[in-house]
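Asker: Have a look; sequence and predicted model below, questions after that.
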Amino acid sequence: MSDDKVTRITVGGHATGIIGLQPILEKVAKEFAGRTDDEIQAELLKRLSQKNYISERIKEVYGKAFLREFKKFVGEPFEDNGDGGLEIKVLGPGCPRCEKLEQDLMAMMAELNISAGLEHVRDPLEIASYGVMGSPSLIINGQVKAVGAVPPKNKLKEWLLEVANAST
């Protein structure tokens, strides 16, 4: 049943639901350790195309997105989040601290005029997939920035500017 779970990822700048991503990432991580990015990307496309419709004309875009998700999954650094922008995730069940972090981020993004994809992940299984052990947690472009606390606004500003400047 968990093989049919839909995970939302960014593909070509758009949030897209992918069926069965997590179990396939687990299998490919075990079976393709040490292989090249091209081999891993091809295998992810092959396996994920079985349950997801992927048009031939945008297969390369999906392949890059799947490889990016794979690198996140295995803890490798990745450069591109699919749309050239920022990808920010707040991980937490929706407690007051989690909500405060999300609100602080939105306010800081507005103040700095930074455009970013901001997602609040509340699903415990998806949170666990990031390997963090406290909430709220903050992830910016795949890098864990904070765990178990709401960072001060000046620290949020520093991180947002750092990542925004790096992507321009």
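Answerer: It's in. Residues are numbered from 1 along each chain as shown.

Asker: all contacts plus neighbour counts: C-alpha atoms, from now on.
Answerer: OK.

Asker: Excluding covalently adjacent residues, which one is nearest to residue 47?
Answerer: residue 24 (7.2 Å; Cα to Cα, 6 or more residues apart in numbering).

Asker: shouldn't the one you found be in contact with residue 45?
Answerer: No - at 10.3 Å, residue 24 does not count as touching residue 45 under the criterion of Cα atoms under 8 Å.

Asker: more neighbours, the two?
Answerer: residue 45 (21 against 17; other Cα atoms under 10 Å).

Asker: chain center to whichever helix or strand that one is part of: distance?
Answerer: Using DSSP states H and E, residue 45 sits within helix 37-48. Between the centre of helix 37-48 and the centre of its chain there are 18 Å (Cα atoms, centre = their mean, to the nearest Å).

Asker: by contact count, what packs against that helix?
Answerer: helix 21-31, helix 59-74 (3 or more Cα pairs under 8 Å, 6 or more residues apart in numbering; DSSP states H and E).

Asker: ok, and which of these has the densest surroundings?
Answerer: The highest mean neighbour count among the helices and strands packed on helix 37-48, using mean count of other Cα atoms under 10 Å, belongs to helix 59-74: a mean of 20.
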